[in-house]
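Chemist: Take this sequence and fold it.
(2 chains)
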Protein chains: 2
Amino acid sequence: MASPVGTLLDARAGQAARREQILDAACACFVRNGFHRTTMQDLAREAGMTAGNFYHYFRSKEALVMGLVQREREGGALLVTQLQREGDRRSALFGVLEQYFGALTRDEAVLRLEIWSEGTRNPAIADLTEASETETRTWFEDTFAALATSPACDPAALYALLAPQMTGVVASRAILPDFDMAGAVAQIRALIEAGLDGRLPAILEAAPESHR
Amino acid sequence: MASPVGTLLDARAGQAARREQILDAACACFVRNGFHRTTMQDLAREAGMTAGNFYHYFRSKEALVMGLVQREREGGALLVTQLQREGDRRSALFGVLEQYFGALTRDEAVLRLEIWSEGTRNPAIADLTEASETETRTWFEDTFAALATSPACDPAALYALLAPQMTGVVASRAILPDFDMAGAVAQIRALIEAGLDGRLPAILEAAPESHR
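Modeler: Numbering: from 1, shown residues only, chains lettered A, B, ... in the order given. Okay, here's the model as predicted:
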């Protein structure tokens, strides 16, 4: 397999693996010390590389954050594809929620918080976060529309309720050591079930005066 | 009013005002540059003070964060006290939600995100955040118990649903430029109304299989 093409492919696979290793190292550093107290030298050391070699892969901390957000997006898309191939759309929806939140480590949640925080001051990171949020919203709304069992299901309103809930669950995982993730996932699932069955609008649209 | 006591009181009022001014300056700096890129010199400059005089009030950036969290707690407690004095407990509950979230500026939300993020690495900040969270939970659960109009209202379960929702609303205010805060507050209010009236357990406890 020492053909030029084979060698090229090996080199590409090696580069991709090295990139993954660097992103893991960056995640560890950012979680431990935060984005701004982490230097490019810390990152190279954590990845076991020389600074020169490191710069060949990522030229700035910002590029690393972008790489981390991109990897998270791709991971999410892969999970969705896998689950949709394995079962029906409903199982895929709940499978995505259970696997994403169930597997979310505290470090991953802390990294997410760090990226959100940095995004408030860095337009490039904010743009990527927003693009990611738009993709997520589109996928959820399309899935809700496809799975609705009642005409009273409003996919956009359901997502508007769930989006801050999911954001808050990730933040709580980072902030509160004893956060009940299993309970939170069960609540999200129950809210979606109720939304698809058209049982939520009665709750969310009821004017406070109308039922007292 | 040049009596010794009067002079002492004037000095204390002056110190308290100066402390407020420093906390405002710290908020501006932390929002603009983040906690770690802000130096004590930046903070003194923003507050219009010499570094020496500044250190007389706060000896570290951590002390400033603690001061900001403390001020937020006191502000919340004051708002609750005022609203409870003005009207019934129900109006106070919804008044607190509307005033807190309605008045939450993007800068305040960004500061909150920054403090949460820093709390993941700083035990003193995490302890204060947790103490604040415990106070908030106790107040909400007591208020829900007092206002429940149905035996099916479970104050702890209702708060467990609302806590990540409220956290996510604050985070979303910081992260998403177009976040619909009025809509989010209306949703929180509607969830509480439903919870107090005992209409939520049917939704949250329904096993996914049981109603299909």
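Chemist: what about the residue minimising distance to the centre of chain A, distance to B:Phe54?
Modeler: Most central in chain A under Cα atoms, centre = their mean is A:Glu72, positioned 5.2 Å from the mean C-alpha point. Distance, A:Glu72 to B:Phe54, by Cβ to Cβ, to the nearest Å: 40 Å. Placement of C-beta: from N, CA and C, glycine included.
Chemist: Same question for A:Thr134.
Modeler: From A:Thr134 across to B:Phe54, the span is 43 Å (Cβ to Cβ).
Chemist: neighbour count winner among these two?
Modeler: B:Phe54 (22 against 10; other Cβ atoms under 10 Å in any protein chain shown).
Chemist: shaky segments in chain A?
Modeler: Low-confidence segments of chain A (pLDDT under 70): A:1-2, A:205-212.
Chemist: Specify the residue ranges that define each domain of it.
Modeler: Per the record's domain assignment (automatic domain parsing), chain A is made up of the domains A:1-59, A:65-212.
Chemist: do you know which of the ones you listed lies nearest chain B?
Modeler: With Cβ to the nearest Cβ as the measure, domain A:65-212 is the member of the domains of chain A nearest chain B (2.7 Å).
Chemist: Buried ones in the longest helix seen in chain A, by neighbour count?
Modeler: Longest helix in chain A, counting residues (DSSP state H): helix A:4-33. The neighbour-count check on helix A:4-33 (16 or more other Cβ atoms under 10 Å in any protein chain shown) flags A:Arg18, A:Ile22, A:Leu23, A:Ala25, A:Ala26, A:Cys27, A:Ala28, A:Cys29, A:Phe30, A:Val31 as buried.
Chemist: Next: stretch A:62-80.
Modeler: By neighbour count on 16+ other Cβ under 10 Å, the buried set for stretch A:62-80 is A:Leu64, A:Val65, A:Met66, A:Gly67, A:Leu68, A:Val69, A:Glu72, A:Gly76, A:Leu79, A:Val80.
Chemist: Quickly check: stretch A:103-120 near chain B or not.
Modeler: Yes: remark: stretch A:103-120 sits within contact range of chain B at A:Val110, A:Leu113, A:Glu114, A:Trp116, A:Ser117, A:Glu118, A:Gly119, A:Thr120, by Cβ under 8 Å from any Cβ of the partner chain.
Chemist: swap that for stretch A:63-78, please
Modeler: No: against chain B, stretch A:63-78 shows no contacts by Cβ under 8 Å from any Cβ, the least distance being 12.5 Å.
Chemist: From the chain's centroid, how far away is that stretch?
Modeler: Here stretch A:63-78 shows a centroid-to-chain-centroid distance of 8 Å under the convention Cα atoms, centre = their mean, to the nearest Å.
Chemist: and what of stretch A:11-31?
Modeler: On the basis of Cα atoms, centre = their mean, stretch A:11-31 sits 18 Å off its chain's mean C-alpha point.
Chemist: now stretch A:157-171
Modeler: 13 Å.
Chemist: List of residues touching that stretch?
Modeler: Stretch A:157-171 is contacted by residues A:101, A:104, A:109, A:112-113, A:133, A:137, A:140-141, A:144, A:181, A:184-185, A:187-188, A:191-192, A:195-196, A:200-201, A:204, B:116, B:163-169, B:171-172, B:175, B:180, B:183-184, B:187 when judged by Cβ atoms under 8 Å, 6 or more residues apart in numbering or on different chains.
Chemist: Quick one: buried ones out of the residues you listed?
Modeler: Counted by 16+ other Cβ under 10 Å, those give A:101, A:104, A:109, A:112-113, A:137, A:140-141, A:144, A:181, A:184-185, A:187-188, A:191-192, A:195-196, A:200-201, A:204, B:116, B:163-169, B:171-172, B:175, B:184, B:187 as buried.
Chemist: Return the subset of those lying in helices.
Modeler: Secondary structure from DSSP H places A:101, A:109, A:112-113, A:137, A:140-141, A:144, A:181, A:184-185, A:187-188, A:191-192, A:195-196, A:201, A:204, B:116, B:163-169, B:171-172, B:175, B:184, B:187 of those in helices.
Chemist: No further queries at this time; thank you.
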